[in-house]
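1. Sequence plus the predicted model coming up.
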Amino acid sequence: MNSTSLKLFQGIGRYGVLLALLALIVFGWLRYDNFLGTFNVLSVLRYNSMFALVALGMCFVIITGGIDLSVGSTAALGSVVAAMLSPYGWLPGLLGGLAAGLAVGASNAFIITRLNILPFIATLATMLAAGGCALLLAENQSVSVSYESGFTELGQGDFLGFPIPGWIALIAYLLGSVVLNLTSFGRTILAIGGNEDAARLMGLPANRVKALVYLTSGGLAGLAGVILAAQFGAGQPIEGVGWELFAIAAVVVGGTLLTGGVGSVGSTLAGVLLLGLIFNILNFENGLGWISLSAYWQSVIRGAFLLLVVAIQARLSMRPEEAA
Amino acid sequence: MAETATTLPPAQRAPGIDFRSLLTRHGAWIALALLILFNLAVTPNFATWQTLNVNLTQVCTIVIVGVGMTLVIATGGIDLSVGALMAIAGALAPLIFLGKLFPLPHPALGIALAFVLPALATGALGWFNGWLVTRLRIQPIIATLVLFIAGRGIAQVFTNGNLQVFNLPSFQFIGLGRVFGIPFQALLMIVIVAVAAWMLRRTVFGRQILAIGGNERAARLSGIPVASVKQRVYLISGLLSGIAGLIVIARNSAADANLVGLGMELDAIAAVAVGGTLLTGGRATVIGTLVGALIIQLVRYTLLANGVPDAAALVAKAVIIVLAVWLQRQSHR
């Protein structure tokens, strides 16, 4: 296969997620009255901003060829710390959650770059540890947040008619896109994912960049935890289970290769919205009363949908002689 | 771990026997021995049948699932769906022997089918995982993520999310029964470990697994049927997960699709990693996985028996995983 047709196939893979997202929006718009109503759109954005932040960090990690399984329990830890600090005001809550996330990210960075342990195992271990710390801090309960300090605004409030978590995610994605596409840091990330040894031989600071990537992922997960606590009015030590897999799914659906070297911030956002909208549409279906889908069916349908998307992607990225 | 690890190519021999290589090669065994010694000294009532039985029954399912995981990881893959498959087997078995799925001609037949059909179903789902990995070329972590997400949902749909309680000694023998005073599940575990260890070391299939994990391209070029070997490995992992699911529900006298096998994929992967199997594939030790699972279980037991909360045990587990894998890396330098 020559490079032009390879680019074409990758292009379909990348725009496939946008086409699927568009198709889903049109389907919802035709089928449900209030699907594109302000309330539904804003609540979808408000709820999914947490996943968007986690997926953004995951996108960076996966582009370097790594994986971060700890994001879910990092978010849980961040939510607990934020909730415990929330009586002192929104800023201490925010900074506390962020610091907790950065601490887990720093542990990941240390284990992966200094101890030279595979990201899969390193982040599996910190996933357990962060979850354990969250449970210890919260004493196995959820920690209610202070409603007087204005902390809950971080999750429930609006700014210029747009949800504050949505703003946070939007800014993070704009920054992420600029960093990946326009800075030497971003180019180094792509180079490491493409071929780490080559990047090292070229004199790129592979370890420092990788460490920063895991730090970023941890920080974003901590931020997601802050929003979680603010949105639901409590720090949740057992929340965040399965977030890492949701984030991986969103990144992969967005066309980023798990082998690293290729990836896009925008497609990751599209992947998050796609998976989030499936959930939203299933709720509408329930509301219409056409079908009565229990929560159990929802995970089956999500899994089937993930299967569909990755199967199509696998088909597109196969060489023609293999696809026959 | 030189004599317990099956490696392709054979493990390098260290030039001399120094303390450092002793520590890194036999780290898992030493850790296990230290843990046992520590418990004998500190934990009250440690050296009793009661304690042994508690630990054995807790560790059996992790080891059985871990054996399948070891084989999958040896090919360079991973299986995230094991916990969900346990839930499916656990949900199916009571539906069968309670006659809710189809009418039973004879209760004994129902019980026999309750052993066979769920394991066959999870084996088939494992085969499906392998199909995704080999035919559609989906990366194992994503391919098995599909059933990780959907599998528990499937189990919940079967049972409508309800708890199925039962009291059926002939079925529950797999989880509660004893042979010569030893729990049946422990015997089952030992048989599975022995067969898998023998298979990995002595059979062509075992060599093919390691060859694929070592260098898939080279294995393909030397004529090994890579796709079919990988598919069989995922099938075995699914089958063993199903058996573990049956043991869990037999032990609990109840099947709860929400809880059976929850987090098992992490425990199994951790046991494999601590046991000395390389996560990049090509080097695997089934006995190591058994030791790894025993270590993780013993740490948890030690902490709980000495009044440390369960959450702190999670942190300890994390430290052990990192330490064990780091020590192994030192031995490969």
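-> Looks like it arrived, so ask away.

2. Please identify which helix or strand holds whatever residue of chain B ends up closest to chain A.
-> Taking Cβ to the nearest Cβ as the measure, chain B has B:A150 as its residue closest to chain A, at 2.4 Å. In this view, the C-beta of every residue, glycine as well, is placed from N, C-alpha and C. Under the assignment given by DSSP states H and E, the secondary-structure element containing B:A150 is helix B:140-159.

3. Same question for B:G110.
-> Following DSSP H and E, the helix or strand that holds B:G110 is helix B:107-134.

4. And that helix, what does it pack against?
-> For helix B:107-134, the elements it packs on are helix B:82-97, helix B:140-159, helix B:169-176, helix B:226-252, judged by 3 or more Cβ pairs under 8 Å, 6 or more residues apart in numbering or on different chains; DSSP states H and E.

5. what angle separates the first one from helix B:226-252?
-> For helix B:82-97 and helix B:226-252, the angle between their directions (axes from the mean of the first three to the mean of the last three Cα atoms, to 10 degrees) works out to 60 degrees.

6. Return the set of buried residues in helix B:82-97.
-> B:82-97 (16 or more other Cβ atoms under 10 Å in any protein chain shown).

7. and what of stretch A:168-181?
-> Under the neighbour-count criterion of 16+ other Cβ under 10 Å, stretch A:168-181 has A:168-170, A:172-173, A:176-177, A:180 buried.

8. so of the residues you listed, which ones are in helices?
-> If you go by DSSP state H, the buried residues of stretch A:168-181 have A:168-170, A:172-173, A:176-177, A:180 in helices.

9. Could you give the residue of chain A that lies closest to chain B?
-> Distance from chain B to each residue of chain A (Cβ to the nearest Cβ) is smallest for A:G303, at 2.4 Å.

10. which ones are touching that residue?
-> With contact set as Cβ atoms under 8 Å, 6 or more residues apart in numbering or on different chains, A:G303 has these partners: B:146-151, B:153.

11. Quick check: which element contains it?
-> In this assignment (DSSP H and E), A:G303 forms part of helix A:295-317.

12. average pLDDT for that helix?
-> For helix A:295-317, the mean pLDDT works out to 77.

13. quick revisit: in terms of secondary structure, what does the helix holding B:A150 contact?
-> Using 3+ Cβ pairs under 8 Å, 6+ apart as the contact test, the elements touching helix B:140-159 are helix A:243-253, helix A:295-317, helix B:82-97, helix B:107-134.

14. if we go to 6 Å?
-> Secondary structure elements in contact with helix B:140-159, counted by 3 or more Cβ pairs under 6 Å, 6 or more residues apart in numbering or on different chains; DSSP states H and E, are helix A:295-317, helix B:82-97, helix B:107-134.

15. Among the ones you listed, which comes closest to B:I320?
-> In terms of Cβ to Cβ, the element of these nearest to B:I320 is helix B:82-97, at 20.7 Å.

16. Run the chain-centre distance for stretch A:208-228.
-> Between the mean C-alpha location of stretch A:208-228 and the chain-wide mean there is a distance of 10 Å, by Cα atoms, centre = their mean, to the nearest Å.

17. which parts of it are buried?
-> Judged by neighbour count using 16+ other Cβ under 10 Å, the buried positions of stretch A:208-228 are A:209-228.

18. now what about that stretch, what contacts it?
-> Counting by Cβ atoms under 6 Å, 6 or more residues apart in numbering or on different chains, the neighbours of stretch A:208-228 from elsewhere in the structure are A:50, A:53-54, A:56-57, A:60-61, A:64, A:68, A:71, A:74-75, A:78-79, A:82, A:94, A:97-98, A:100-102, A:104-106, A:108-109, A:113, A:155, A:165, A:188.

19. Give me the mean pLDDT for it.
-> Computed over stretch A:208-228, the mean pLDDT rounds to 94.

20. Could you export it as CSV, CA atoms only?
-> Output for stretch A:208-228, consisting of C-alpha atoms alone and laid out as CSV, is shown next (Å, rounded to 0.1, in the frame of the first residue of the first chain):
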residue,chain,number,x,y,z
ARG,A,208,11.2,14.1,30.9
VAL,A,209,8.4,14.4,28.3
LYS,A,210,6.9,11.1,29.4
ALA,A,211,7.0,12.1,33.0
LEU,A,212,5.2,15.4,32.1
VAL,A,213,2.5,13.5,30.2
TYR,A,214,1.7,11.2,33.2
LEU,A,215,1.7,14.3,35.4
THR,A,216,-0.8,16.0,33.1
SER,A,217,-3.0,12.9,33.0
GLY,A,218,-3.0,12.7,36.8
GLY,A,219,-3.7,16.5,37.1
LEU,A,220,-6.6,16.3,34.7
ALA,A,221,-8.0,13.3,36.5
GLY,A,222,-7.8,15.2,39.8
LEU,A,223,-9.6,18.1,38.1
ALA,A,224,-12.3,15.7,37.0
GLY,A,225,-12.6,14.5,40.6
VAL,A,226,-13.1,18.1,41.7
ILE,A,227,-16.0,18.5,39.2
LEU,A,228,-17.4,15.1,40.3
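
21. from the helices and strands packed on helix B:140-159, which stretch is densest packed?
-> Using mean count of other Cβ atoms under 10 Å in any protein chain shown, the stretch among those with the greatest mean number of neighbours is helix B:82-97 (a mean of 29).

22. what is the orientation angle of that one with helix B:169-176?
-> Here helix B:82-97 runs at 160 degrees with respect to helix B:169-176, directions being taken by the same axes, to 10 degrees.

23. Quickly check: stretch B:306-320 near chain A or not.
-> Yes - among the residues of stretch B:306-320, B:311, B:314-315, B:317-318 lie within reach of chain A under Cβ under 6 Å from any Cβ of the partner chain.

24. Please apply the same query to stretch B:324-333.
-> Yes - if you take Cβ under 6 Å from any Cβ as the test, stretch B:324-333 does meet chain A, through B:325-326, B:329.

25. which other residues reach that stretch?
-> Outside of stretch B:324-333, the residues within contact range by Cβ under 6 Å, 6+ apart are A:115-117, A:121, B:24-25, B:27, B:273-274, B:276.

26. where's the dip in pLDDT among those?
-> Looking at the contacts of stretch B:324-333 by pLDDT, the weakest one is B:T24, with 63.

27. Next step: the contacts of stretch A:208-228 restricted to helices.
-> Of the positions in the contacts of stretch A:208-228, A:50, A:53-54, A:56-57, A:60-61, A:71, A:74-75, A:78-79, A:82, A:94, A:97-98, A:100-102, A:104-106, A:108-109, A:155, A:165, A:188 sit in helices, assigned by DSSP H.

28. was I right about B:K230 contacting B:T75?
-> Yes - counting by Cβ atoms under 6 Å, B:K230 sits close enough to B:T75 to count as a contact (5.4 Å).

29. Kindly reformat the buried residues of stretch A:168-181 as TSV and extend each row with pLDDT.
-> Listed next are the buried residues of stretch A:168-181 as TSV, based on pLDDT from 0 to 100:
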residue	pLDDT
A:I168	90
A:A169	91
A:L170	92
A:A172	93
A:Y173	93
A:G176	92
A:S177	91
A:L180	89
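
30. Residues of the stretch 151-300 of chain B that sit close to chain A?
-> Where the stretch 151-300 of chain B comes near chain A, counting by Cβ under 6 Å from any Cβ, the residues are B:153-154, B:156-157, B:161, B:273, B:279.

31. Out of these, give me the two with the largest separation.
-> With distance counted by Cβ to Cβ, no two of those lie farther apart than B:G161 and B:L279, which are 34.6 Å apart.

32. More neighbours: those two, which one.
-> Legend: neighbour count by other Cβ atoms under 10 Å in any protein chain shown for B:G161 and B:L279, higher for B:L279 (19 against 16).

33. Once you drop chain neighbours, what's closest to that one?
-> Here the nearest residue to B:L279 in space, its sequence neighbours aside, is A:L118; by Cβ to Cβ, 6 or more residues apart in numbering or on different chains that works out to 5.5 Å.

34. A:T256 in helix, strand or coil?
-> For A:T256, the reduced secondary structure class is coil; criterion used: DSSP: H, G, I helix; E, B strand; the rest coil.

35. mind pulling up the phi and psi values for it?
-> Dihedral angles phi and psi of A:T256 (degrees, to the nearest 10) take the values phi -70, psi 130.
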